[in-house]
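compute the structure for the input listed below.
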Amino acid sequence: MLGVFVGGKGQRLGGVDKSALPAPDGGGSLLERVLRLGDELLASNVIVGRSPGGRRVADDVVQLDDAPSGIGPLGGLCALLAHAGSRPAFAVACDMPYVDVTMLRLLRDAPAAAVVAPRDPDTGKWYPLFARYDSANVLPVAREAVAAGTRSFQVLFRSLDVRELELDSNQRAKLRDWDRPEDLR
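Numbering: from 1, shown residues only. Below is the predicted model of the structure:
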């Protein structure tokens, strides 16, 4: 199951709904682009979160509200994992306009672990919104962390078996996201 994360207030972009931004490949919006990737991967797609203003962003795809809401993307992860049940869940942020189906296949085909995610070689931080989760094993740990007040994926990952998805520099460049106006150039 592919969960496309559309939440966030887009504050660094002046409140812009990132999911509606035009994809750089001319193939519709950023959201439509990631949903197409999920279709190519033969995954069922769900949308996680709401765009700024709380509007639905697609009428023909299941949309999950964060559970719990108001805590950031960890609430979205809990909702996605609960919805996935025993199936693996892929989390992809809609504002990663250069991720392609080859990248998703690398994630899908990586050896088993509770979480598979790339890691920034400079900062050591994980990419939790380009990751594969073992839903049944991660959900109880995530819920426990949220109940204890954790709001950080980096902190959550310290409690899990996380396998690094090794990427070369060209592949890592595809993880660049759009957060600020200068990113859109």
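
give me the contact list for stretch 161-178.
Stretch 161-178 is contacted from outside by 13, 18, 21, 30, 93, 95-100, 103, 106-107, 110-111, 113-121, 126-127, 130, 183-184, using CB atoms under 8 Å, 6 or more residues apart in numbering. All C-beta spots, glycine's among them, are computed from the backbone N, C-alpha and C.

nope, stretch 23-40 is what I was after
Contacts for stretch 23-40 (CB under 8 Å, 6+ apart): 2, 4, 6, 18-22, 44-45, 47, 57-58, 61, 90, 92, 94-101, 104, 178.

what do you get for stretch 132-141?
Contacts of stretch 132-141 (CB under 8 Å, 6+ apart): 77-78, 80-82, 84-91, 107-108, 110, 112-117, 156, 159-160.

go through it and flag the buried ones.
Arg132, Tyr133, Asp134, Ser135, Asn137, Val138, Leu139, Val141 (16 or more other CB atoms under 10 Å).

before we move on, what about stretch 79-87?
Neighbour-count burial for stretch 79-87 flags Ala79, Leu80, Leu81, His83, Ala84 (criterion: 16+ other CB under 10 Å).

which stretches in this structure count as helices?
30-40, 73-84, 101-109, 135-147, 153-157, 169-173 (DSSP state H).

including distance to Asp65 and mean pLDDT, could these go into CSV?
Listed next are the helices of the chain as CSV, based on distance: least, CB to CB, whole Å; pLDDT from 0 to 100:
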stretch, distance to Asp65, mean pLDDT
helix 30-40, 16, 92
helix 73-84, 6, 97
helix 101-109, 24, 96
helix 135-147, 15, 98
helix 153-157, 19, 97
helix 169-173, 31, 96
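
I'd like those laid out as TSV, including distance to Ser51.
Shown next, in TSV, are those (distance: least, CB to CB, whole Å):
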stretch	distance to Ser51
helix 30-40	9
helix 73-84	13
helix 101-109	22
helix 135-147	23
helix 153-157	21
helix 169-173	26
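
looking at the ones you listed, which is buried most?
Mean neighbours per residue, mean count of other CB atoms under 10 Å, is largest over the helices of the chain for helix 73-84, with a mean of 23.

relative to helix 135-147, how tilted is it?
Put simply, helix 73-84 runs at 150 degrees to helix 135-147, going by axes from the mean of the first three to the mean of the last three CA atoms, to 10 degrees.

can I get helix 73-84 in PDB, CA atoms only?
Taking Å, rounded to 0.1, in the frame of the first residue of the first chain, the C-alpha atoms of helix 73-84 are listed here in PDB:
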ATOM      1  CA  PRO A  73       3.200  13.400  10.200                       C
ATOM      2  CA  LEU A  74       3.600  10.700  12.900                       C
ATOM      3  CA  GLY A  75      -0.200  10.900  13.200                       C
ATOM      4  CA  GLY A  76      -0.400  10.200   9.500                       C
ATOM      5  CA  LEU A  77       2.000   7.300   9.800                       C
ATOM      6  CA  CYS A  78      -0.200   5.700  12.500                       C
ATOM      7  CA  ALA A  79      -3.300   6.100  10.300                       C
ATOM      8  CA  LEU A  80      -1.500   4.600   7.300                       C
ATOM      9  CA  LEU A  81      -0.100   1.600   9.300                       C
ATOM     10  CA  ALA A  82      -3.500   0.900  10.900                       C
ATOM     11  CA  HIS A  83      -5.200   1.000   7.500                       C
ATOM     12  CA  ALA A  84      -2.500  -1.200   6.000                       C
END
